[in-house]
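Novice: Build me a model from this:
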Amino acid sequence: MTPIHFQFGDYTVTTDKTILQPRAIHEWLSVHSYWAMHIPYNSVKTSFDNSYTIGVLFDGKQVAYARLVTDYSSFAYLADVYVVQDHRGKGLSKIMMQTLMDIDWVKNLRRILLATVDAKKLYEQYGFVAPKYPDRLMEIIRPAIYGDDKNPCS
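Specialist: Presented below is the predicted three-dimensional model:
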């Protein structure tokens, strides 16, 4: 699969994993996210390696990220979407979402899921809605798995 790579103002948007920075992604997720606080680097690296990823760089530094956990055919789960605080409000989450949603194989997915506490308005712009049949969805939650028993996602 040919990586997507383009300039968005002063930013570089890319799906090229050779350019994205797993250590910076880990730093942000483990320190700043509400969903993966204290996540080990090896967990981030494994998820990075086994997902379709997109990121944004500014002056060569990773400032935004998202990934699709997917079979590339019928299903994807959008995860780990973030924009570093100093770069918010500049359209980076929207450009990542639009880029992902414009990919042909993504357009052909039967179902794309995500979980969010605070960005429903963003995702609604791309067609996300509350589950039609929430009673059919089930989950296993292990809030203390990374050593953080105060995870607000539990």
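
Novice: Let me see the ranges of the strands in the protein.
Specialist: 5-8, 11-14, 52-58, 61-70, 75-83, 111-114 (DSSP state E).

Novice: out of those strands, which comes closest to Asn42?
Specialist: Proximity to Asn42, assessed across these by C-beta to C-beta, is greatest for strand 75-83 (15.0 Å). Just so you know, the C-beta spots here come from the backbone N, C-alpha and C atoms, and that holds for glycine as well.

Novice: which helices and strands sit right next to the closest one?
Specialist: Contacts defined by 3 or more C-beta pairs under 8 Å, 6 or more residues apart in numbering; DSSP states H and E place strand 75-83 against helix 22-32, strand 61-70, helix 92-101, strand 111-114.

Novice: Would you format the ones you listed as JSON lines with mean neighbour count, mean pLDDT and distance to Gly127 included?
Specialist: Below are the helices and strands packed on strand 75-83 laid out as JSON lines (neighbours: other C-beta atoms under 10 Å; pLDDT from 0 to 100; distance: least, C-beta to C-beta, whole Å):
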{"stretch": "helix 22-32", "mean neighbour count": "17", "mean pLDDT": "98", "distance to Gly127": "26"}
{"stretch": "strand 61-70", "mean neighbour count": "20", "mean pLDDT": "98", "distance to Gly127": "15"}
{"stretch": "helix 92-101", "mean neighbour count": "19", "mean pLDDT": "98", "distance to Gly127": "8"}
{"stretch": "strand 111-114", "mean neighbour count": "14", "mean pLDDT": "97", "distance to Gly127": "8"}
